[in-house]
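Colleague: quick one, fold the following:
(chains A and B)
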Amino acid sequence: MAGTSIIAKEGFNLIKSYGPKLYNIMNDYLGLSTYFSIKCARFTGNAKEYDGKDLALYWRDLFGDYYAFYQAKKALHQGDKVVFRDIMLTNWIPLSPGLYYSRYMWENSPKEARTLFRDVRFNEHDGKRILSIHYPREYEAHWDLSKGIPVVVNKKAYESIQDIINQYGAAHVEEFNAILGQMSDQVGGNLDLVRGYPNLILTCEGKLCLNKPGTPDPMLGTAWNICQTEEKKEEALWYRFWVGTEEHEYYLKDANAKLVDMINDLKSRACCDFDEEIVRFPRAPIGPNKIMQFCKKYLT
Amino acid sequence: MTGDLIGCNLRCKFCWADNDIRNRIQKPPAGAVFHSPKSVAFILHNKAKEKQSKYLRISQGEPTLSKNHVLSILEELNRSSKPKYPFILETNGIILGNDRDFAKKLSDFKNLHIRISLKGVNSKKFSYLTGAREEFYDLQLKAMSNCLNNGISFHPAIMIDFIDDAHEMADLKTNLEAISPQLIDKLEFERLILYPWVRDRLRKLNIEYEAILNKKSEGE
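Modeller: Residues are numbered from 1 along each chain as shown, chains lettered A, B, ... in the order given. This is a model prediction of the structure:
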């Protein structure tokens, strides 16, 4: 996996000193870098619409044989156009998108899902931004950001929802068009699928169509960290925060404060930073910014 | 738009309703009042319009404990003016599984969708998580059969944090497939939410929630 090679070149000693568990977690965390090496595709195939109620349908069509329950036929291919209707967009994306719906999790252990599912957001990179698609479903009492579908959008598209995302943490979008692009070969397509990552990723070049801006539905995100105690033991911590509400910023600050409390209670120090947009743990040795600097150097 | 109710027939260790909400039947908590079905329907409908919500829902406790009340709310909502909001009935399915007639009555309401929250992947886990006897697990499965047989829109949900391994996943798959092969595609995964009272309850029950969520999952 791409992340592994980056670490081997630059940061292996850093990670090694935090123990194998942390290494495993960070390995997946670093998998995010793959999103920055996608080949944007042109529309060459079919168009498929997802009208709203079930995120699993998309994963089933995308994963095909790798879908969790072995019954699926692959229906999405590179160059296909995908239209989503009535969705929510956030810039919090799951670290292991699609893992819930991959055969890997069902054949191995759901325990893995618990560790890997965390949300993270990144700054703009080369005029592109990673967002996450969610369906507004109030009957899922606490709709989880970790189940989102990642999508890369251009600057223009992001600007059309930026104010709303800044205010609420989420934007309600009526119609959303994207093309499935192939991830770069250098990240290893097979590995991506095994770990629950899609090897095709959505890219949106146009503007987004907003629906009822200012009234997003509440969803739950996860603020997280890995800390190391004085006994050199690693602990994974998390605290959930609301997205898609007027009090989004308050909840995020609150989650951050709770993580600090937990880290202090354990007499430990933070190893990571979960948020690149706002540096929340400046003394953490590993953070999205640092990871992205490695990525820029070695992957682009 | 969500209305809260009190009282439940299970005592799930991970429940996000606090103990006061779960245990009360006779008296509402301070600051809350009981509402008639008409009043519930009126408030939900009007608030939904005001807030531009798309669904109506009753949450917290177990709504089917008061079958007639639920049916009356649905009737009142049916009578209400447009828009006709979809109504989400969140239930553990125990009552619904035990009462085929209730399912039949519910099938009259076309705007109804039922979310059946499974408490565990099998009867043993169900008993561990809820404190109820193992045999009652089957009622949750029966609830899904009753919905299916009566043409009621529904989907199952389960908390992934209490599924321990691939064998338990397989149990869940078998149980769902026995009812309908399509059910597994509709399965919703819930996550444990550590509200302060949930954290306290898990601590009191000697359940190391950090272990459930994190340490165990790192391949110890």
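
Colleague: tell me if stretch B:188-201 is near chain A.
Modeller: Yes: under the criterion of Cβ under 8 Å from any Cβ of the partner chain, chain A is reached by stretch B:188-201 at B:Glu188, B:Phe189, B:Glu190, B:Arg191, B:Ile193, B:Leu194. For every residue, glycine as well, the C-beta is placed using N, CA and C.

Colleague: below-threshold pLDDT in chain B: ranges please.
Modeller: B:21-22, B:24-26, B:208-220 (pLDDT under 70).

Colleague: please enumerate the helices of it.
Modeller: Using DSSP state H, the helices of chain B run over B:19-23, B:37-51, B:67-79, B:94-98, B:100-106, B:123-130, B:137-149, B:166-179, B:183-186, B:196-204, B:209-213.

Colleague: bridging residues for the residue positioned nearest the centre of chain B?
Modeller: Compute the mean C-alpha point of chain B, and by Cα atoms, centre = their mean the closest residue is B:Thr91, 3.1 Å away. Counting by DSSP bridges, B:Thr91 is bridged to B:Ile116.

Colleague: that older thread, what subset of the residues of stretch B:188-201 next to chain A is buried?
Modeller: B:Glu188, B:Phe189, B:Glu190, B:Arg191, B:Ile193, B:Leu194 (16 or more other Cβ atoms under 10 Å in any protein chain shown).

Colleague: which of the residues you listed sits closest to B:Asn9?
Modeller: B:Glu190 (19.0 Å; Cβ to Cβ).

Colleague: and B:Val33, how many residues sit next to it?
Modeller: 7 (other Cβ atoms under 10 Å in any protein chain shown).

Colleague: can you pull the phi/psi pair for A:His134?
Modeller: Phi and psi for A:His134, reported as degrees, to the nearest 10, are phi -140, psi 150.

Colleague: low-confidence stretches in the stretch 151-300 of chain A?
Modeller: In the stretch 151-300 of chain A (pLDDT under 70), the answer is A:183-197, A:212-214, A:234, A:286-300.

Colleague: interface residues of it facing chain B?
Modeller: Checking the stretch 151-300 of chain A against chain B by Cβ under 8 Å from any Cβ, the hits are A:Lys212, A:Thr215, A:Leu220, A:Glu234, A:Glu235, A:Ala236, A:Leu237, A:Trp238, A:Tyr239, A:Arg240.

Colleague: test my guess that B:His35 contacts B:Ile43.
Modeller: Yes: contact criterion Cβ atoms under 8 Å: B:His35 and B:Ile43 qualify, at 6.9 Å.

Colleague: those two: which is more packed in?
Modeller: B:His35 (17 against 13).

Colleague: mind listing which of the buried ones among the residues of stretch B:188-201 next to chain A are in strands?
Modeller: The strands, defined by DSSP state E, take in B:Glu188, B:Phe189, B:Glu190 from these.

Colleague: and which of the buried ones among the residues of stretch B:188-201 next to chain A is nearest A:Phe281?
Modeller: B:Leu194 (20.2 Å).

Colleague: quick one: the closest one from B:Ala157, how far?
Modeller: 19 Å (Cβ to Cβ, to the nearest Å).

Colleague: picking up where we left off before, now do the contacts for the residue nearest to the centre of chain B.
Modeller: B:Glu62, B:Pro63, B:Thr64, B:Ile114, B:Arg115, B:Ile116, B:Ser117, B:Ala143 (Cβ atoms under 8 Å, 6 or more residues apart in numbering or on different chains).

Colleague: most neighbours of all the residues you listed, which one?
Modeller: B:Ala143 (29 neighbours).

Colleague: and that one, how close does it get to A:Tyr100?
Modeller: 24 Å.

Colleague: check B:Phe162 too.
Modeller: 15 Å.

Colleague: same drill for the two, tell me which one is more crowded.
Modeller: A:Tyr100 (24 against 21).

Colleague: any idea of the pLDDT on the more buried one?
Modeller: With respect to pLDDT, A:Tyr100 scores 79.

Colleague: and what of A:Ala113?
Modeller: 63.

Colleague: what are the C-alpha coordinates of the longest strand along chain A, in PDB please?
Modeller: For chain A, the longest strand by residue count, based on DSSP E, is strand A:171-183. Coordinates of each C-alpha in strand A:171-183 appear next as PDB, following Å, rounded to 0.1, in the frame of the first residue of the first chain:
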ATOM      1  CA  ALA A 171     -24.900  20.800   2.900                       C
ATOM      2  CA  HIS A 172     -28.100  19.400   1.500                       C
ATOM      3  CA  VAL A 173     -27.800  18.800  -2.300                       C
ATOM      4  CA  GLU A 174     -30.600  18.100  -4.600                       C
ATOM      5  CA  GLU A 175     -28.700  16.600  -7.500                       C
ATOM      6  CA  PHE A 176     -25.100  15.600  -7.700                       C
ATOM      7  CA  ASN A 177     -23.300  14.300 -10.800                       C
ATOM      8  CA  ALA A 178     -19.900  12.500 -10.800                       C
ATOM      9  CA  ILE A 179     -17.800  10.300 -13.000                       C
ATOM     10  CA  LEU A 180     -16.100   7.200 -11.700                       C
ATOM     11  CA  GLY A 181     -12.300   7.500 -12.100                       C
ATOM     12  CA  GLN A 182      -9.700   4.900 -11.600                       C
ATOM     13  CA  MET A 183      -7.200   5.200  -8.700                       C
END
